[in-house]
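J.: A structural model of the following input is requested.
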Amino acid sequence: MDYCQIIDILFYEAVDIFPNLFLAYIPFCHHLRLSPPKTFSVSLLLYGLLVLCRILTWHYPGLSTVMTVLWVLIYFLFYGICIRGRVIQMLFVLITILNYNSFIMIIGSHLAFHQLGNHTAVPYSFTHTLMNLLVMLPTYPVVAHVYHKKFRPLIDFTEQPKIWRYLWLIPATFCLSYYYNLYSGGGILSYTERLQNVLFAAFYNVGAFFVTYVIVRLLEVSQDYLLLKTANYHLSLQSLQYDNMQQRIEDARRANHDLRQSLALISTYLNDGSYDSLKDYLKDYVRKLSPAATVVYCPHYALNAVIVYYDKLANEHNIQLKANVAVPSQLPIEDSDLVVLFGNLLENAVEGCLRCPPGNRFISLTVQYPEPSLVIVMKNSYNSEEPTPKPTPKPNQEPVRNTPIPSSKGPHGGIGLQSIRNICEKYHGTAEFEGKDAVFHSSAICTPKSHDNKERK
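T.: Residues are numbered from 1 along each chain as shown. Alright, predicted model coming up:
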């Protein structure tokens, strides 16, 4: 091997690796483990290792299959050093890059070796690199746009931890099938000799990318729904606080009016010297005075607001709600997650109670924070055999806002149940649900401190 061939390999590997590194960087640009200068240094080291692999492949063509596996391992090692993320997320991105790279490689090789003629091109030559660039120019901007607009938000969004266990298998299946057909067909030169092989592989890789894109798009819609549901919970709490404030203003206005009337009557009794009548009036006034006060279940504002809201909703539907909440005013869990977690739990419980007769509706909620874990235990009545009735407003009463919508999914099914589990998994916990003897048992645990420590590392 002369110096010209080494220069060709250096140029080929630069065109091959650095665009792929940029694609790998896009989804994890907010999750770098190293500083930019150190990341660049590791990239140069990776470049040098891959150049060495190319030189070995040039001298020993029989090692091409082994080198392909070695390249994947080297790429993944680079990811583990430079990126802070889940292993399955890094696998997903890495394999989708491999699929795109195979698309470039197979078309570029066909153009270089079988369209221009073997006398103008050899592996890793300037002509080979130029054909790869020719294929990359119209396709790379599209792929980079998808990585930026679709893959990166999916990586940043943490509400779907379980889905990654299966999502990476989609591009992996296409990748394994492609490489099996490629190397069982005699390698890149033999496989790309026939145009039908090239067209099949090209459409196969485009199909893999399209399927992956569609699934990511569906996940994006699901995430938008969860975010919208969280926003709706916050709006419900704000509406509740506004209604309570309006009610307090109205009560204060009414009390001020009644107080003026009472003071006028008391003044009359004093002027007339009717002390016995005054004493009887004051006794009756104190007896009729309302002892109502705002219920406070816990010092945590967001959590207390959720429980107060569903307590009011439960009272309007003859549901007895008991809550024993022992938590501090601050928790290392985001308020938005707490709102969605407890909102879904209590909403499902209310919906389950609405399946039962009015005299047999109850919800029992116990929340404790034996640091570092938040422990939630809830029981509620339910009857899965009866359809959920539509809550009807009382006469001369406005319909209740955000009343649970009747559903055939069962008292604890659907997106709400999955949302509860997702939040628990986000904070390294779990959620369990079981119905037994007309009582539905829900339990959840979150360990937020281990979540915070992992984010800091």
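J.: part of a strand, is Asn383?
T.: No - using DSSP: H, G, I helix; E, B strand; the rest coil, the assignment for Asn383 is coil, not a strand.
J.: what sits against Asn315?
T.: With contact taken as Cβ atoms under 8 Å, 6 or more residues apart in numbering, Asn315 is in contact with Leu321. In this view, the C-beta of every residue, glycine as well, is placed from N, C-alpha and C.
J.: what's the spacing between it and Val325?
T.: When distance is defined by Cβ to Cβ, to the nearest Å, Asn315 is 18 Å away from Val325.
J.: Can I get stretch 180-199 as CSV, trimmed to CA atoms?
T.: Presented in CSV, the C-alpha positions along stretch 180-199 are these (Å, rounded to 0.1, in the frame of the first residue of the first chain):
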residue,chain,number,x,y,z
TYR,A,180,-27.2,-10.9,6.3
ASN,A,181,-28.3,-10.5,2.6
LEU,A,182,-25.3,-8.4,1.8
TYR,A,183,-22.6,-10.7,3.2
SER,A,184,-24.4,-14.0,2.3
GLY,A,185,-24.4,-12.6,-1.3
GLY,A,186,-20.6,-12.5,-1.5
GLY,A,187,-19.9,-9.1,-0.1
ILE,A,188,-20.3,-5.5,-1.3
LEU,A,189,-18.7,-6.0,-4.7
SER,A,190,-20.7,-9.1,-5.6
TYR,A,191,-23.9,-7.9,-4.2
THR,A,192,-23.9,-4.6,-6.0
GLU,A,193,-23.1,-6.1,-9.3
ARG,A,194,-26.8,-6.8,-10.1
LEU,A,195,-29.0,-3.8,-10.4
GLN,A,196,-32.0,-5.6,-8.9
ASN,A,197,-30.1,-6.2,-5.7
VAL,A,198,-29.2,-2.5,-5.5
LEU,A,199,-32.8,-1.4,-6.1
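J.: tell me the SS of Pro370?
T.: coil.
J.: ok, it to Phe11 distance?
T.: According to Cβ to Cβ, Pro370 and Phe11 sit 62 Å apart.
J.: tell me which strands and helices the helix or strand containing Asp280 is in contact with?
T.: Assigning secondary structure by DSSP states H and E places Asp280 in helix 275-288. Where contact means 3 or more Cβ pairs under 8 Å, 6 or more residues apart in numbering; DSSP states H and E, helix 275-288 is packed against helix 195-272.
J.: where does the helix it packs on sit relative to the chain's centre, distance-wise?
T.: How far helix 195-272 lies from its chain's middle: 18 Å, per Cα atoms, centre = their mean, to the nearest Å.
J.: what angle separates that helix from helix 275-288?
T.: 170 degrees (axes from the mean of the first three to the mean of the last three Cα atoms, to 10 degrees).
J.: just the helices in the stretch 301-450 of the chain please.
T.: Along the stretch 301-450 of the chain, counting by DSSP state H, counting those that start in this stretch, helices occupy 301-316, 335-353, 415-426, 448-456.
J.: As TSV, the ones you listed with mean pLDDT would be great.
T.: Output for the helices of the stretch 301-450 of the chain, formatted as TSV (pLDDT from 0 to 100):
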stretch	mean pLDDT
helix 301-316	86
helix 335-353	87
helix 415-426	80
helix 448-456	52
